[in-house]
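Undergrad: here's my sequence, what's the structure:
(one chain, ligands or ions: 1)
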Amino acid sequence: MFNRKIIEIDKPIFKNNVFFYNISTTYDLDKYFLKKDSFIDYIDVKDDLSSVPEGISIIPVLCNILPVSWIMDATIFIDELDKTFFESIKAIKENFSMMFPKIEFKGRLIVKKIVDYDRIFMEDKYMPFFSGGVDSTFTVINNIDKKPILASIWGSDMPIDETEGWKNLSNIINQFSKEFDLEKVFIKSDFRELLNIRKLNEEILAINDNWWHGLQHGISIISHGVIYAYKKQIGNILIASSHSTRDLEERGVEVIPCGSSPIIDNYFKFSNCKVIHDGFDFTRQEKIGKIVDYVNTNDKKVYIKVCWESISGKNCSSCVKCCKSMLGILAEKQDPNLFGFEFDESILDEVYEKVSNPENYGVYWDINKGNYWKHIFERFQEDPEYWKEKKNLKWIFDLKL
Ligand SMILES: [Zn+2]
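TA: Below you'll find the model as predicted:
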């Protein structure tokens, strides 16, 4: 019969374009939850979403909780679920299990009524998740001919209590959507405040990864698009890759363990809508190259928001992520100041100091260990003639990559 660990999710409650979810669990699972309710608010959506059926509107909270049931070997009970999504869970779970062979993926999902919501979706409608960073900006530009509808989540990288930070970030996104004449959807969600990540991390020590990165963020972020895509018949949800085929080659692996991966995201299906893990054939540096090319050719302005050091919603222009991005833009022979950074050449000396002494500044500054450094330096080294006057870049040309 069933194991004793049980999670029940009630029928979603709908009010003013907010979906509320109530969860109950057996006491042995209490410690993995910070609370037992959750919500998703489609904050700037004018369409009434009340017609979205239960078996679709339950998917977001279900995606957040499924990994808990797998790892804790718990049984989830729900009333209704879309047939296509129900079937896609099997492949997603199997692929997670292949990705993380050191832990077992168990648990069950019991659905009272599995419904085939066979609905007409528009093959030519695309909805990418957009945060303003390199990956998602590339994905939008890479699909710009399809007039993509931007979806942004307040509550993902930007915490829901950071009103000021969200104001700044949503301004950046608004400007981008105006600049490119694209529709946008803002979704506020407390999905990162539901689970006790500290406790869950203790259960997956064997995989040497954390809950959010390893198990949560891929399917949970995608699931935030499900309700709106269903309502608006958007046939394709896009999620930007952060790794690339070249990363696989360089690491000599077939899969990079990460909760957002082609072998997870591309298996996420519901009704007649599919999900595309976009941009996997491009390195981050190639993405930066494509963005600056497009911006120059089409005379557009883009603020590339990469920094999560400061919650202000703006780039700090000094953390490792900001520095790599500024260097990446410079390597494309472009001025980082045009892309949302405060750059002057003294930053190059600071970067040199830090990458020369990573033991003082942290492993991310170690160019042999941190991601993407190599690809940035390679790009500089392609044209030594162009850079030969720049004395504070000389060290880059002395590097043996
Ligand atoms: Zn920064």
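Undergrad: I'd like to know the phi and psi angles of residue 40, please.
TA: phi -130, psi 130 (degrees, to the nearest 10).
Undergrad: residues touching it, list them.
TA: By C-beta atoms under 8 Å, 6 or more residues apart in numbering, the residues touching residue 40 are 18, 19, 60, 61, 187, 188, 189, 191, 224, 227. In short, each C-beta sits where N, CA and C put it, glycine included.
Undergrad: just checking, the first one touches residue 39?
TA: So the one you mean is residue 18. Yes - proximity of residue 18 to residue 39 meets the contact threshold set by C-beta atoms under 8 Å, at 5.6 Å.
Undergrad: compare the two (neighbour count), which wins?
TA: More crowded of residue 18 and residue 39, by other C-beta atoms under 10 Å: residue 39, with 20 against 16.
Undergrad: and that one, what does it touch?
TA: Residue 39 is in contact with 18, 19, 20, 21, 189, 190, counting by C-beta under 8 Å, 6+ apart.
Undergrad: the first one pairs with what?
TA: In other words, residue 18. residue 15, residue 41 (DSSP bridges).
Undergrad: okay, it and residue 189: tell me how far apart.
TA: The gap separating residue 18 from residue 189 is 10 Å, by C-beta to C-beta, to the nearest Å.
Undergrad: confidence score at the spatially closest residue to residue 132 that is not a sequence neighbour?
TA: Spatial nearest neighbour of residue 132, chain neighbours left out: residue 305 (3.5 Å); criterion: C-beta to C-beta, 6 or more residues apart in numbering. We have a pLDDT of 94 for residue 305.
Undergrad: swap in residue 369?
TA: pLDDT, residue 369: 82.
Undergrad: and it, what helix or strand is that in?
TA: Here residue 369 is covered by no helix or strand, with elements defined by DSSP states H and E.
Undergrad: for it, what are its contacts?
TA: Residue 369 sits next to 358, 363 when contact means C-beta under 8 Å, 6+ apart.
Undergrad: got any residues that touch both of residue 18 and residue 189?
TA: With C-beta under 8 Å, 6+ apart, residue 18 and residue 189 have common neighbours 39, 40, 41.
Undergrad: let's have these in a markdown table, adding pLDDT and distance to the ion.
TA: Compiled in a markdown table, those are given as follows (pLDDT from 0 to 100; distance: C-beta to the ion, whole Å):
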| residue | pLDDT | distance to the ion |
| --- | --- | --- |
| 39 | 98 | 30 |
| 40 | 98 | 29 |
| 41 | 98 | 28 |
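Undergrad: list phi and psi for residue 390.
TA: phi -80, psi 100.
Undergrad: burial count for it?
TA: 14.
Undergrad: state the pLDDT value of it.
TA: With respect to pLDDT, residue 390 scores 90.
Undergrad: again, but for residue 377
TA: Residue 377 is assigned 95 on the pLDDT scale.
Undergrad: which helix or strand contains it?
TA: helix 373-381.
Undergrad: same question, residue 334
TA: Assigned by DSSP H and E, residue 334 falls outside every helix and strand.
Undergrad: the residue lying closest to it once chain neighbours are set aside in helix, strand or coil?
TA: Of all residues not flanking residue 334 in the chain, residue 292 sits nearest, at 4.6 Å (C-beta to C-beta, 6+ apart). For residue 292, the assignment made with DSSP: H, G, I helix; E, B strand; the rest coil gives helix.
Undergrad: so how far is residue 248 from residue 292?
TA: Distance from residue 292 to residue 248, by C-beta to C-beta: 25 Å.
Undergrad: go on, residue 113?
TA: Taken as C-beta to C-beta, the span from residue 113 to residue 248 is 41 Å.
Undergrad: which one's more surrounded, these two?
TA: More crowded of residue 113 and residue 248, by other C-beta under 10 Å: residue 248, with 14 against 10.
Undergrad: where are the low-confidence patches of the stretch 201-350 of the chain?
TA: Scanning the stretch 201-350 of the chain for pLDDT under 70 picks out no residues.
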